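>>> fold the following for me, if possible:
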Amino acid sequence: MFETNTATCGGLPGLSDSFGAALWTIDYGLTMAAANFSGALLHVGGQDVYYNPFTPPPTNQSSFHQWTIGAIYYSVLIVAEAFGKSNVSQIVDTSNNGDFTSSYAIYDNGALARVALLNFMDDPTGAHDVTGSISVTGGRVPPEVYVKYFEASSVSAKVNITWAGQTFGNKFEVDGRPKGDVNITRIQCNQSANSCRIPVKAPCFALVFLTDPLARQDDALSVTFQTTATTRTINTATVDPSVLATSNGQSGKERGRFGSTSPGSVNGAQGISEIVPGLVVLLALTLVGD
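Residues are numbered from 1 along each chain as shown. As a prediction, this is how the structure comes out:
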């Protein structure tokens, strides 16, 4: 599937950067997988867009600052976790209760491994909270299941969004690391009735694991490190326009006269053309072919 997201090429403020947009993206990804699509081009960021924008800090802040991510960033991570790491997962659309409460079953090697439950309804009173019921045909549910919740106060929320109890932070609070402790809810199942009942608030997404996700070694937490950036954050690459206008299709000899696009670096093109002239010519031909 080619370019898509919630609205237009750059998104709409208040819509494309909302919790509701993140729920939509989760539903979209699972729907695509259930329909046997192998990939999709999802707009999630860029300059002057509302999906997952980088926002420069106010001018009175220091030269080192933190970033901003949109709600939709979480949804991409969640869909990847729902698919799992086996590379043989199968997603089945099991939605049977209206457009606002989608559900999916995820199988690994033919066995039910995870269940995804969505509630798009926006009601803080609890009147539209739903309960998903999981059963295993030809088998029996486990004694308990493990649930990660994706939550916010409303579908229009753009802050205080959490995935399994963690958040990347609100505006100008993001350094690439999730904050807070992982919160996985254990829910007891009724094996006699072959049923697990999973509460899903309005709005909310629940990813239900039939086995403990923290017990698997391949899901061990990775070490992450804080990142920083300077105040000049966009359009940092430089190139001589006259060089750019005639750069494709030139010979290695001619390219040897061109400078690097990296400020302060040596003329790498000169050294390459002298040592391996054929390599530069090949690269030029490849560019033309593209």
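>>> how about the CA coordinates for stretch 201-214, as PDB?
As requested, C-alpha coordinates have been extracted for stretch 201-214 and formatted as PDB (Å, rounded to 0.1, in the frame of the first residue of the first chain):
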ATOM      1  CA  LYS A 201     -11.700   1.300  28.600                       C
ATOM      2  CA  ALA A 202     -13.100   3.900  26.300                       C
ATOM      3  CA  PRO A 203     -10.800   4.800  24.600                       C
ATOM      4  CA  CYS A 204      -8.000   2.200  24.800                       C
ATOM      5  CA  PHE A 205      -6.000  -0.500  23.100                       C
ATOM      6  CA  ALA A 206      -5.100  -3.800  24.800                       C
ATOM      7  CA  LEU A 207      -2.500  -6.300  23.600                       C
ATOM      8  CA  VAL A 208      -3.100  -9.600  25.300                       C
ATOM      9  CA  PHE A 209      -0.300 -12.100  25.600                       C
ATOM     10  CA  LEU A 210      -1.100 -15.800  26.300                       C
ATOM     11  CA  THR A 211       2.400 -16.200  27.800                       C
ATOM     12  CA  ASP A 212       4.500 -13.900  29.900                       C
ATOM     13  CA  PRO A 213       6.200 -11.400  27.500                       C
ATOM     14  CA  LEU A 214       9.000 -10.700  30.000                       C
END
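>>> name the residues of that stretch that are buried.
Using 16 or more other C-beta atoms under 10 Å as the test for burial, stretch 201-214 gives 201-210, 213. Glycine gets a C-beta too; all of them are placed from N, C-alpha and C.
>>> and the helices in the chain?
Per DSSP state H, the chain carries helices over the ranges 19-34, 72-83, 241-245, 252-255, 268-275, 277-289.
>>> identify the residues contacting the spatially closest residue to residue 201 that is not a sequence neighbour.
Across the structure, with C-beta to C-beta, 6 or more residues apart in numbering as the measure, the residue nearest residue 201 apart from its sequence neighbours is residue 129 (5.0 Å). Counting by C-beta atoms under 8 Å, 6 or more residues apart in numbering, residue 129 touches 119, 123, 199-202.
>>> now do residue 145
134, 186-187, 189, 196, 198, 208-210.
>>> measure it to residue 184 for me?
Here the distance between residue 145 and residue 184 works out to 10 Å (C-beta to C-beta, to the nearest Å).
>>> and what of residue 48?
Distance from residue 48 to residue 184, counting by C-beta to C-beta: 38 Å.
>>> the two: who's more crowded?
residue 184 (15 against 8; other C-beta atoms under 10 Å).
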